[in-house]
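Colleague: turn this into a structure:
(one chain, ligands or ions: 2)
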Amino acid sequence: MTLKTQTKSELITELKAKGLRLTPQRERVLDIFYDLPNGEHISAEHVYTTLKQEKVDISLATSYRTLKLLASHGVLREVDFGEDTKQYELIRDEDEPHHHLICVDCHETKEFESSVIYAEAQRLCAAMGAELVDVQVKLYARCKK
Ligand SMILES: [Zn+2]
Ligand SMILES: [Zn+2]
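Modeller: Ligands and ions are numbered 1, 2, ... in the order given. Model prediction:
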């Protein structure tokens, strides 16, 4: 899998050009996502707790708003694993969107790609006269743990 994620400074330059004001809190939120290993997804609560530990002055409501804002600017992708809280991940520059396998017991998630799913999604969209923008398949399964 080739990951061509832009660097954080490239992203910041792009966001500023789009007119998004990057407060120190917002930059710290970006740091958290850039420090995450690939395939990790985190919630607004996680962002909030992490920043609190670093003595950053931020409220839970601001954490939620910041993640929503970054998602609306195409920086983060909101993924709903059917839990109480939404999870977020950095949108990577992938050839094809990745999918998630979610363990119904321990809620661990795994990412995978499938060119078959992608091709089928494109075929279905074309057949319905639409252009494919994103495809997210969620497999609910039980891991071997
Ligand atoms: Zn993911
Ligand atoms: Zn499991």
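Colleague: distance check, the residue lying closest to Gly74 once chain neighbours are set aside against ligand 2.
Modeller: The shortest distance from Gly74 to any non-neighbouring residue, by Cβ to Cβ, 6 or more residues apart in numbering, is to Ile91 (6.2 Å). Bear in mind the C-beta positions are built from the backbone N, C-alpha and C, glycine included. Distance, Ile91 to ligand 2, by Cβ to the ion, to the nearest Å: 26 Å.
Colleague: so what's the residue count around Ile91?
Modeller: For Ile91, the neighbour count with other Cβ atoms under 10 Å is 17.
Colleague: need the contact list for it.
Modeller: Ile91 makes contacts with Gly74, Val75, Leu76, Arg77, as judged by Cβ atoms under 8 Å, 6 or more residues apart in numbering.
Colleague: contact partners for Ser72?
Modeller: Ser72 makes contact with no residue, according to Cβ under 8 Å, 6+ apart.
Colleague: in three-state terms, label the most centrally placed residue in the chain for me.
Modeller: Geometric centre of the chain, nearest residue: Glu89, 2.1 Å, by Cα atoms, centre = their mean. Per DSSP: H, G, I helix; E, B strand; the rest coil, the local secondary structure of Glu89 is strand.
Colleague: that one contacts Val79, doesn't it?
Modeller: Yes - with contacts counted by Cβ atoms under 8 Å, Glu89 reaches Val79, the gap being 6.2 Å.
Colleague: what sits in contact with each of those two?
Modeller: His41.
Colleague: what's around the closest residue in space to the residue nearest to the centre of the chain that isn't next to it in sequence, how many residues?
Modeller: In space, and not counting its chain neighbours, Glu89 is closest to His41: 4.7 Å by Cβ to Cβ, 6+ apart. By the criterion of other Cβ under 10 Å, His41 has 20 neighbours.
Colleague: thanks a lot, catch you later.
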